[in-house]
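> The sequence isn't on hand, but the structure is:
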């Protein structure tokens, strides 16, 4: 696959930032960046940095924002390049923000770049997520977190909620282009299944990629008995221009007993929004929706042009 032009154009800006890494509470943090392209390039040379504003383990939630926010990256992404804009925006809004890497051991033996995460078995990743949430709760002295996840990072926490004791520890789950009901990857995964190649392709795309294919055994088990668990408020953000979670409607959830679901399609309220899959965490409109959701507010969400990454 050719490198998107936006990645090439952003290279010069990223090189200038390579030596500007700062630290907060002892953890290396990368710079705030406006888009996925530049953040992706920065992470290639700095694969283990935190997104700005995240993972200050001394942070104590305020009365206005009493729940810490945990950011969960998607497949082949990492905590920095997925949230280099959203994390500092939430920090400035007064939240304690935390972000983890997960699922990054499976493909190490195949020479995968260390910035590539989220490839391992999603069931194992949910256990990693459980340990991280427990650490956040202990550090902040709180009983619940809010979770914002992109792609696999929106769906994997549902495995935690359903099978890893997460029910009761999550107040809000906000998902961005999440693979809740699988994806055809614009037909590629469907073709691989028809040709019985999914098992082989796992060597290349990781177990998580196979598990997110529409009709996988993993998704059948996850969604059996309903999409939700009681006590959690789910907000599902979708874009009609999603080329990874396809069809985009497969991201929507149906509320079960004791849960609420709000399914949002960005273009229903703004035709200027051309967000694709990778643009979602960097959209000012998405960030505004996330703030409203976490804060229980109804502030206006701007209708401004948002361009796709790819």
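Sure thing, it's come through. From a predicted model like this one, the values you see are computed outputs, not experimental measurements.
> remind me which residues of this protein are low pLDDT?
Scanning the chain for pLDDT under 70 picks out 1-27, 106-111, 187-188, 190-204.
> in the stretch 51-200 of the chain, which spans are strands?
According to DSSP state E, counting those that start in this stretch, the stretch 51-200 of the chain carries its strands in the segments 69-72, 97-100, 145-150, 170-176.
> Dump the ones you listed into a markdown table; add distance to residue 263 and mean neighbour count as well.
To be clear about C-beta, it is placed using only N, CA and C from the backbone, and glycine gets the same treatment. Listed next are the strands of the stretch 51-200 of the chain as a markdown table, based on distance: least, CB to CB, whole Å; neighbours: other CB atoms under 10 Å:
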| stretch | distance to residue 263 | mean neighbour count |
| --- | --- | --- |
| strand 69-72 | 19 | 27 |
| strand 97-100 | 25 | 25 |
| strand 145-150 | 15 | 27 |
| strand 170-176 | 10 | 25 |
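> could those strands be laid out in CSV, adding distance to residue 130?
Below are the strands of the stretch 51-200 of the chain laid out as CSV (distance: least, CB to CB, whole Å):
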stretch, distance to residue 130
strand 69-72, 11
strand 97-100, 11
strand 145-150, 11
strand 170-176, 11
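> Quick one: closest of these to residue 265.
Of all these, it is strand 170-176 that lies closest to residue 265, at 12.4 Å by CB to CB.
> Quick one: end-to-end distance for stretch 55-64.
From its first residue to its last, stretch 55-64 covers 19 Å (CA to CA, to the nearest Å).
> do the same with stretch 269-276
Distance across stretch 269-276, first residue to last, is 16 Å (CA to CA).
> could you pull out the helices for the stretch 201-310 of the chain?
Along the stretch 201-310 of the chain, counting by DSSP state H, counting those that start in this stretch, helices occupy 207-211, 217-223, 284-295.
> Name the stretch among those helices that sits most buried.
Most buried of those by mean neighbour count (mean count of other CB atoms under 10 Å) is helix 207-211; its value is a mean of 25.
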